[in-house]
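1. Only the shape, not the letters, is given here:
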């Protein structure tokens with residue numbers, strides 16, 4: 001996934017990344033929508049490749 005902001009942290013995991021927010025005001029809803037959309041596309045591609 002895109003990580004231009006450098007917010008996604010792998011924390012030792014291979015496929016799970018997290019962002020830690022300390023305040024709701026830090027959350028950009030448009031950016032979250034973009035990440036979710038990208039995650040769905042990646043998931044669909046992965047499923048297609050396995051079938």
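-> Yes, it's here. Just so it is clear, the structure is predicted and the values come from calculations on it, not from any experiment.
2. low-confidence ranges in the protein?
-> 1-3, 5-17, 51 (pLDDT under 70).
3. Please name every helix or strand in contact with the helix or strand harbouring residue 34.
-> Assigned by DSSP states H and E, residue 34 falls within helix 29-50. On a contact count with 3 or more CB pairs under 8 Å, 6 or more residues apart in numbering; DSSP states H and E, helix 29-50 meets no helix or strand. Backbone N, C-alpha and C define where each C-beta goes, glycine included.
4. buried ones in that helix?
-> Buried residues in helix 29-50, counted by 16 or more other CB atoms under 10 Å: residue 35.
5. Tally up the residues packed near residue 23, please.
-> Around residue 23 there are 6 other residues, counting by other CB atoms under 10 Å.
6. Mind listing the residues bridging to residue 18?
-> On the basis of DSSP bridges, residue 18 is bridged to residue 9.
7. can you tell me how far it sits from residue 45?
-> Distance, residue 18 to residue 45, by CB to CB, to the nearest Å: 22 Å.
8. Ok, residue 39 next?
-> As judged by CB to CB, residue 39 and residue 45 stand 11 Å apart.
9. What of residue 32?
-> Here the distance between residue 32 and residue 45 works out to 21 Å (CB to CB).
10. Please apply the same query to residue 25.
-> For residue 25, the distance to residue 45 - CB to CB - is 34 Å.
11. what do you get for residue 23?
-> 34 Å.
12. and if you look at residue 30?
-> In terms of CB to CB, residue 30 sits 23 Å off from residue 45.
13. Over to residue 35?
-> Remark: distance between residue 35 and residue 45 (CB to CB) = 16 Å.
14. How about residue 20?
-> 28 Å.
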